[in-house]
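S.K.: the sequence and its predicted three-dimensional model are supplied below.
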Amino acid sequence: MTPDLPPLREVIARHGLSASKALGQNFLFDGQLLARIAAIPGDLAGAEVLEVGPGPGGLTRALLAAGARVTAIERDRRCLPALAELEEAYPGKLRVIEGDALEIDAPALFEGRPHIVSNLPYNVGTALLVRWLSADWQPWWQSLTLMFQREVAERIVAITDSDAYGRLAVLAQWRSSARIAMNVHRSAFTPPPKVMSAVVHIVPGEQPDGVAFAKLERLTAAAFGQRRKMLRQSLKAVPGALEALEKVGIDPARRAETVSVAEFVALARCLS
Ligand code: SAM
């Protein structure tokens, strides 16, 4: 049974949780919206979830109500008393860890593979995503359900030959499927940020055979580092890359944004 909890606005007022811009605090209060976000990874009954940045606990409530066992990492100690109330309401289901998610060894906190569900602080969101996507494969997490600025979400799911296509799209798509699960209007947040947001859902797939991640990274860094240049120029500094273009049958006069994820994978395989 879902416990009776006080409204989030009251919790925030009682604990004096004025939103800190430096910590990227934009809170969500709409229970229905939060329940829809918590439903994106699928049935969470009995599942382990990692949440980064629970703040006053809006999304945490929705995850707990969906039956998850939540480990939440929060940097702002002002939020801890509010989260302690949630721990009391859901005995044994919520573990709160005070600290910086960029410094905590999150995989060591779990025995199984958690879902990661988070309304991320914008200033650390991309760094955490890149770290989670760069993990050893199969990764230690089961799925990612993450709020981003709309523009960043579009870069993650971008298709070849679009302005948003770049390293982030290749990283998110070469061994995972990534989609925008929901757009979230800026007015849903308190205080409202300047930009629109979107929730991205990422599920890991099989890693293609014979491809070293380091080679793929090197190629995409070089190619998109000079995205307006032809590949024969931008990939010049990557040993073996020009031969790989020929082997895979990619015209060296093309530019990085026209090279599909599968073509980058084929090139990286040649170099691996
Ligand atoms: N989850 C809440 C919600 O949806 O209403 C709050 C989301 S708010 C956008 C981001 C939260 O992340 C804030 O509570 C902030 O204090 C926390 N935070 C910021 N940087 C952090 C970091 N490096 N590690 C852990 N938490 C962080």
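M.R.: Structure received. Numbering: from 1, shown residues only.
S.K.: neighbours around the residue in the chain positioned nearest to the ligand, how many?
M.R.: With distances taken as Cβ to the nearest ligand atom, the chain approaches the ligand most closely at G53, which sits 2.1 Å away. C-beta here means a position set from N, CA and C on the backbone, and glycine is covered the same way. Around G53 sit 24 other residues, with neighbours defined as other Cβ atoms under 10 Å.
S.K.: quick one, what contacts the closest residue to it other than its chain neighbours?
M.R.: Nearest in space to G53, with sequence neighbours left out and distances taken as Cβ to Cβ, 6 or more residues apart in numbering, is P121 at 5.3 Å. Listed by Cβ atoms under 8 Å, 6 or more residues apart in numbering, the contact partners of P121 are L23, G24, Q25, V52, G53.
S.K.: now do 7 Å
M.R.: The contact partners of P121, taken as Cβ atoms under 7 Å, 6 or more residues apart in numbering, are L23, G24, G53.
S.K.: Serialize those to JSON lines and add fields for distance to M230.
M.R.: Conversion of those to JSON lines gives the following (distance: Cβ to Cβ, whole Å):
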{"residue": "L23", "distance to M230": "43"}
{"residue": "G24", "distance to M230": "39"}
{"residue": "G53", "distance to M230": "42"}
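S.K.: just these now: which is nearest Q226?
M.R.: Closest to Q226 out of the contacts of P121 is G24 (31.3 Å), distances taken as Cβ to Cβ.
S.K.: need phi/psi at the closest residue to that closest one other than its chain neighbours.
M.R.: Nearest residue to G24, sequence neighbours excluded (Cβ to Cβ, 6+ apart): P121, at 3.0 Å. Torsion angles at P121 (phi, psi; degrees, to the nearest 10) stand at phi -60, psi 130.
S.K.: tell me how far P121 lies from L23.
M.R.: With distances defined as Cβ to Cβ, to the nearest Å, the gap from P121 to L23 amounts to 6 Å.
S.K.: okay, now the domains of the chain?
M.R.: Under the assignment named as automatic domain parsing, the residue ranges that make up the domains of the chain are 8-204, 213-271.
S.K.: now render those domains as JSON lines, adding distance to M1 and mean pLDDT.
M.R.: JSON lines is the format used below for the domains of the chain (distance: least, Cβ to Cβ, whole Å; pLDDT from 0 to 100):
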{"stretch": "domain 8-204", "distance to M1": "10", "mean pLDDT": "97"}
{"stretch": "domain 213-271", "distance to M1": "46", "mean pLDDT": "97"}
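S.K.: okay if I get these as TSV plus distance to T2?
M.R.: Listed next are the domains of the chain as TSV, based on distance: least, Cβ to Cβ, whole Å:
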stretch	distance to T2
domain 8-204	5
domain 213-271	42
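S.K.: residue boundaries of the strands in the protein?
M.R.: With DSSP state E as the criterion, the chain has strands at 27-28, 48-52, 69-74, 94-98, 115-119, 143-149, 176-184, 189-190, 197-204.
S.K.: I figured the residue of the chain closest to the ligand hits E74, correct?
M.R.: Yes - G53 sits in contact with E74 when judged by Cβ atoms under 7 Å, with a separation of 6.2 Å.
S.K.: and the helices in the chain?
M.R.: 8-14, 31-39, 58-65, 80-89, 122-133, 150-157, 167-173, 213-225, 231-234, 241-248, 261-271 (DSSP state H).
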